[in-house]
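Undergrad: okay, here's the prediction I keep looking at, along with the sequence it came from:
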Amino acid sequence: MKALTFSTFGSPDVLQYIDVVEPVLKKGELMVQMMAIGLNYADVYRRQGNYHLKGEPPFIAGYEGAGVVVNSNGVNEFKNGDRVCFADVPFANAELVAVPLSHIIPLPNSISFETAATVMLQGLTAQYLTNDSYVIKQNDTVLIHACAGGVGQLLVQICKMKKATVVGLTSSNEKALVAKQNGAEEVFLYSDDWVSKVKQFTFKGCSVVYESVGTTLLESFVATKECGTVVFFGFSGGNPPVIDPRVLMDGSKTLVGGDLWSYLISKEDRIKRSNELFDWITTTKIKIHKPTIFALKDGKAAHEFIESRKSIGKIVLVP
């Protein structure tokens, strides 16, 4: 089978689309022929050598995607031809993936393969961030970093669905327009004096800040109101500064870390959370921005595009 691989860490130039050995199924695993694969910034970190990575060279990154069962391997719950998806199975950047029964999620006919590959990781991330890391309440004021990105767009819509006031941060007027179309009341650019503008707009600061840039962590605390919360769940702009606990004490503020893997702890939980996400999509409570699609063989170009910061929404790889 073909797979997008790398044998050394570095720039997108290290990526190679080559023939590799097909996965050997273990008991309780199904073989899935991939139809769409989600590209995430975590895959960039893996390629750079800065994030957990399974296997040996040639490495196959990717953890998210959707496809069709082609070998049910004696698992009674599924048959060949069933549409399925997953959020957290390694080696997804390939034509075939061995998926444990515990991680496989039935994909309704109402959700396309491309949509599933767009929302599994980012949608489930936005879901736990707004229900677990911090429970969004009516009249909360929410500040969302990278509000036109994949997670950011979903956070805006979910927070609006929960009747919060949403302020976004992004890098261009084009992306600001996307966030406003998703329901954000106000959007500021990183090139602005955004902390002052956020505090002026919200009067006392935000109830919660969803921080995914990293280098802006201290500014996020300044933009948070007394007794407010900063949810840190990514560092796309670089490593965050070390936080002095006195920053938390002054103003009685809270710092919460977020990682999806802490919440996808069982088969039942994966399916329950996914079904809620699918329901939000099919009932149009949230709308999914059409992904940018690259052929899997053009993975180098896809990595260059995601690192360019020009992408709006999700990038999907198609074998």
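TA: Received it, and whenever you're ready, just let me know what you need.
Undergrad: and Lys72, how many neighbours?
TA: Careful, residue 72 is Ser; it's not Lys. For Ser72, the number of neighbouring residues by other Cβ atoms under 10 Å comes to 18. Bear in mind the C-beta positions are built from the backbone N, C-alpha and C, glycine included.
Undergrad: my read: Leu107 touches Phe78, true?
TA: No - contact criterion Cβ atoms under 8 Å: Leu107 and Phe78 do not qualify, at 11.1 Å.
Undergrad: what touches both of those two?
TA: Val84 (Cβ atoms under 8 Å, 6 or more residues apart in numbering).
Undergrad: residues contacting Val230?
TA: Applying Cβ under 8 Å, 6+ apart to Val230 gives the contacts 208-209, 211, 217, 220-221, 224, 253-256.
Undergrad: what packs against the helix or strand harbouring Val142?
TA: Val142 is part of strand 141-144 when elements are defined by DSSP states H and E. Where contact means 3 or more Cβ pairs under 8 Å, 6 or more residues apart in numbering; DSSP states H and E, strand 141-144 is packed against helix 150-161, strand 165-170, strand 206-211.
Undergrad: and those: which comes nearest Ile293?
TA: helix 150-161 (13.8 Å; Cβ to Cβ).
Undergrad: tell me which residues of the closest one are tucked away?
TA: By neighbour count on 16 or more other Cβ atoms under 10 Å, the buried set for helix 150-161 is 150-160.
Undergrad: now do stretch 251-269
TA: 253, 255, 258, 260, 263-264.
Undergrad: pick the one among those residues closest to His303.
TA: Closest to His303, out of all of those and judged by Cβ to Cβ, is Leu260, at 21.4 Å.
Undergrad: what sits against the most centrally placed residue in the chain?
TA: Nearest to the geometric centre of the chain sits Gln122, at 2.8 Å (Cα atoms, centre = their mean). When contacts are counted by Cβ under 8 Å, 6+ apart, Gln122 touches 38, 40, 150-151, 154, 314.
Undergrad: distance to Gly228 and pLDDT added to these, as JSON lines?
TA: Listed next are these as JSON lines, based on distance: Cβ to Cβ, whole Å; pLDDT from 0 to 100:
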{"residue": "Gly38", "distance to Gly228": "31", "pLDDT": "97"}
{"residue": "Asn40", "distance to Gly228": "28", "pLDDT": "90"}
{"residue": "Gly150", "distance to Gly228": "25", "pLDDT": "85"}
{"residue": "Val151", "distance to Gly228": "20", "pLDDT": "92"}
{"residue": "Leu154", "distance to Gly228": "22", "pLDDT": "96"}
{"residue": "Lys314", "distance to Gly228": "29", "pLDDT": "89"}
